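Student: build me a model from this:
(one chain, ligands or ions: 3)
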Amino acid sequence: MLPPLPARIQLHEHTFQPFIGEQEIQQRVEAMGQELYDRLSGGAPSFVVMLKGAFVFAADLVRASRLGGEVCFVRTSSYTGTESGGQVKLLLPPEEELVRDKDVVLIEDIVDSGLTMQAFLPVLRELQPRSITLVTLLHKPDAQRVPVDIDLIGFSIPTKFVVGYGLDYDGLGRQLPAIYQLAEDY
Ligand SMILES: O=P(O)(O)OC[C@H]1O[C@H](OP(=O)(O)OP(=O)(O)O)[C@H](O)[C@@H]1O
Ligand code: HPA
Ligand SMILES: [Mg+2]
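Tutor: Ligands and ions are numbered 1, 2, ... in the order given. Next up, the predicted model:
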């Protein structure tokens, strides 16, 4: 038998405590899938998944949406520990033919400072998609430093560092099935 999820998780030097449970996440993602289906009128968009953080959310959301279309992956990186370095590196760019003239559903795990989206959205727009629908599982409204137009938000959360369900702290914690938050202030 598998052990239950622990009430405290130690990643590197920090302790994390339960924040959003597996069931609550699954229920919200199912509802988001339904909303996405309605917004796109059951069409066939291109899903663009932001690696690495969005890989778990995207896997659940694309299935929950019942939509057609292709899935592609891009990768950006800007975080060390709990801080955005401010410099957003594009490590894997989008496939042009999956963006040009397509309805793009951009899947993010979190919009925090907004700097990743501020850097990446112009890259996407340059390829002239027909439309962009930005979906994020998590949003930290009080931490946002630049404006970002988000079409669909799973959970608005306070300004505390979180891990799990794809999100990491210095590479660790992505495979946790629930979302945990930093137990201490930072
Ligand atoms: O709004 P922001 O403050 O820019 O933060 C959001 C971005 O930060 C994280 O990515 P990260 O750079 O950690 O790369 P990762 O997805 O590989 O973890 C997260 O996955 C988002 O893409
Ligand atoms: O709170 C967070 N947790 C993990 N990765 C992140 N990237 C931006 N904010 C966060
Ligand atoms: Mg990260």
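Student: residues near Ala31, how many?
Tutor: 13 (other Cβ atoms under 10 Å). C-betas here are computed from N, CA, C, even on glycine.
Student: check what pLDDT it gets.
Tutor: Listed pLDDT for Ala31 reads 98.
Student: what of the one 3 residues further on?
Tutor: pLDDT, the model's per-residue confidence, is 98 for Gln34.
Student: ok, the one 5 residues further on next?
Tutor: At Arg39, the predicted lDDT confidence score is 98.
Student: quick check: closest non-adjacent residue to whichever residue of the chain sits closest to ligand 1.
Tutor: At 2.7 Å from ligand 1, Gly53 is the closest residue in the chain, using Cβ to the nearest ligand atom. Excluding the flanking residues, the one nearest Gly53 by Cβ to Cβ, 6 or more residues apart in numbering is Asp109, at 3.8 Å.
Student: what about the helix or strand where the one you found lies, near ligand 3?
Tutor: Assigned by DSSP states H and E, Asp109 falls within strand 103-111. No: if you take Cβ under 5 Å from the ion as the test, strand 103-111 misses ligand 3, and the best it gets is 8.4 Å.
Student: how about the helices in this structure?
Tutor: 22-39, 55-65, 115-126 (DSSP state H).
Student: helices or strands up against the longest one?
Tutor: Packing contacts for helix 22-39, counted by 3 or more Cβ pairs under 8 Å, 6 or more residues apart in numbering; DSSP states H and E, involve helix 55-65, strand 131-139, strand 152-156.
Student: in TSV, list the ones you listed along with distance to Ile25 and mean pLDDT.
Tutor: Output for these, formatted as TSV (distance: least, Cβ to Cβ, whole Å; pLDDT from 0 to 100):
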stretch	distance to Ile25	mean pLDDT
helix 55-65	8	98
strand 131-139	8	98
strand 152-156	8	98
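Student: looking at these, which is closest to ligand 3?
Tutor: Smallest distance to ligand 3 across those (Cβ to the ion): 11.4 Å, for helix 55-65.
Student: packing partners of that closest one?
Tutor: Using 3+ Cβ pairs under 8 Å, 6+ apart: helix 55-65 touches helix 22-39, strand 46-51, strand 103-111.
Student: which pLDDT value belongs to the residue nearest the centre of the chain?
Tutor: The centre of the chain sits closest to Asp109, judged by Cα atoms, centre = their mean, with a distance of 1.2 Å. Asp109 carries a pLDDT score of 98 in this model.
Student: for the protein, what lies in contact range of ligand 2?
Tutor: Where the chain comes near ligand 2, counting by Cβ under 6 Å from any ligand atom, the residues are Tyr79, Ile110, Asp112, Phe161, Val162, Val163, Leu167, Asp168.
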